[in-house]
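Asks: missing the sequence, but the structure's below:
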């Protein structure tokens with residue numbers, strides 16, 4: 001248990017701990033964290049152990065892990081085992097690979113993967129987590145793993161500049177996702193596989209698009225693991241593989257020779273009208289649809305902007321109807 005206080009002064013501390021232990025004998029350690037800063041950060045830099053060893057231990061995938069108060073650890077051990085086993089299975093380790101465990105925390109994934117890898121390198125910015133990771137490797141008698149306290153992206157850039165490489169990168173970034181610097185370094189280092197574990201589908205999709213531009217493709221399907229029952233949160237695991245340029249042919253296409261009309265005409269005007277009416281209860285004309293399509297750079301097919309009368313004022317699509325038409329175009333995959 002971690003108690004966060006603004007001051008190190010804790011009146012009646014011993015009486016409080018005694019009463020708490022009597023009420024909850026399952027508590028094995030109590031740590032006081034002192035945070036006097038008026039910020040959104042929950043934990044401060046200072047702490048003192050009030051009872052027990054100052055850390056807890058847990059069993060995961062046949063390994064024992066020491067977890068201190070400032071270290072991250074998944075709270076659902078049953079599903080965590082499924083998540084980590086899935087990630088290691090997707091990596092397809094044969095016992096010879098160098099594996100880089102980025103954002104490694106207390107070393108859980110890397111230590112579990114070390115049994116199937118040649119060597120493992122763990123990188124984590126949190127000093128307390130790295131300290132736990134080193135202790136966890138010793139605790140589990142793992143000798144083929146090394147841990148570094150560093151920014152994962154910067155560390156990989158340095159690796160690439162030294163000419164070092166990892167065959168497989170396993171990354172489990174925070175909700176904000178990875179950084180372009182980190183993903184660029186994956187390419188520079190020449191990693192063949194990337195196993196991406198994500199707790200945020202939005203940043204995962206963003207990062208997958210970026211990795212695609214770097215020459216990596218999603219290998220198979222993204223797999224969701226329900227770590228947080230009765231909530232909409234989910235952990236997702238994706239395997240990306242580097243494209244083998246020797247097995248791919250570069251094809252140059254002249255856009256003038258392509259007929260894009262069929263690709264852009266995935267839905268008729270009547271289908272778009274029906275969608276908008278059913279979804280929003282709005283009636284839209286072909287004129288309004290053509291105006292929105294033209295804004296999106298789509299082929300209109302007919303010049304609906306011309307009036308039959310000379311000098312006649314052409315009505316413009318209202319914002320509400322424009323938004324509804326845009327949604328319909330996205331639904332029919334005519335725009336992204």
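Replies: Arrived safely, thanks for sending. As the structure is a prediction and not an experimental result, all values here were calculated from the model.
Asks: give me the domain ranges for this protein.
Replies: Following automatic domain parsing, the chain resolves into domains at 2-53, 57-247, 255-331.
Asks: mind putting those domains into a markdown table with mean neighbour count?
Replies: In short, each C-beta sits where N, CA and C put it, glycine included. Converted to a markdown table, the domains of the chain look like this (neighbours: other CB atoms under 10 Å):
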| stretch | mean neighbour count |
| --- | --- |
| domain 2-53 | 13 |
| domain 57-247 | 18 |
| domain 255-331 | 14 |
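Asks: next, format these as TSV and append mean pLDDT.
Replies: As requested, these are arranged in TSV below (pLDDT from 0 to 100):
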stretch	mean pLDDT
domain 2-53	88
domain 57-247	89
domain 255-331	75
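Asks: what's the distance between residue 80 and residue 172?
Replies: 11 Å (CB to CB, to the nearest Å).
Asks: how about the contacts made by residue 105?
Replies: The contact partners of residue 105, by CB atoms under 8 Å, 6 or more residues apart in numbering, come to 71, 72, 73, 124, 126, 129, 133, 172.
Asks: before we move on, which element is it in?
Replies: Secondary structure from DSSP states H and E places residue 105 outside every helix and strand.
Asks: which residue is nearest the middle of the chain?
Replies: In the chain, the centroid-proximal residue (CA atoms, centre = their mean) is residue 198; its distance is 3.2 Å.
Asks: backbone dihedrals for that one, both of them.
Replies: The phi and psi values for residue 198, taken as degrees, to the nearest 10, are phi -130, psi 140.
Asks: out of the contacts of residue 105, which sit inside strands?
Replies: Among those, the residues falling in strands (DSSP state E) are residue 124.
Asks: now the strands for the stretch 1-150 of the chain?
Replies: Assignment of strands within the stretch 1-150 of the chain using DSSP state E, counting those that start in this stretch yields the ranges 2-5, 30-34, 46-51, 55-60, 63-68, 98-102, 119-124, 145-149.
Asks: now for the shortest one, which elements pack on it?
Replies: Strand 2-5 makes packing contacts with strand 30-34 when contacts are defined by 3 or more CB pairs under 8 Å, 6 or more residues apart in numbering; DSSP states H and E.
Asks: try 10 Å
Replies: If you count contacts as 3 or more CB pairs under 10 Å, 6 or more residues apart in numbering; DSSP states H and E, strand 2-5 packs onto helix 13-23, strand 30-34, strand 46-51.
Asks: what do you get for the last one?
Replies: Based on contacts counted as 3+ CB pairs under 10 Å, 6+ apart, the elements that strand 145-149 packs against are strand 98-102, helix 108-113, strand 119-124, helix 127-139, helix 152-162.
Asks: now do 7 Å
Replies: strand 119-124, helix 127-139 (3 or more CB pairs under 7 Å, 6 or more residues apart in numbering; DSSP states H and E).
Asks: what pairs with the shortest one, parallel or antiparallel?
Replies: Strand 119-124 has the following strand partners under DSSP bridges: strand 98-102 (parallel), strand 145-149 (parallel).
Asks: just put those in a markdown table and tack on distance to residue 293.
Replies: Conversion of these to a markdown table gives the following (distance: least, CB to CB, whole Å):
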| stretch | distance to residue 293 |
| --- | --- |
| strand 98-102 | 44 |
| strand 145-149 | 53 |
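Asks: what's the closest of these to residue 10?
Replies: Closest of the strands paired with strand 119-124 to residue 10 is strand 145-149, at 30.5 Å (criterion: CB to CB).
Asks: close enough to count as contact, residue 122 and residue 111?
Replies: No: look at residue 122 against residue 111 with CB atoms under 7 Å: they stay out of range, at 8.3 Å.
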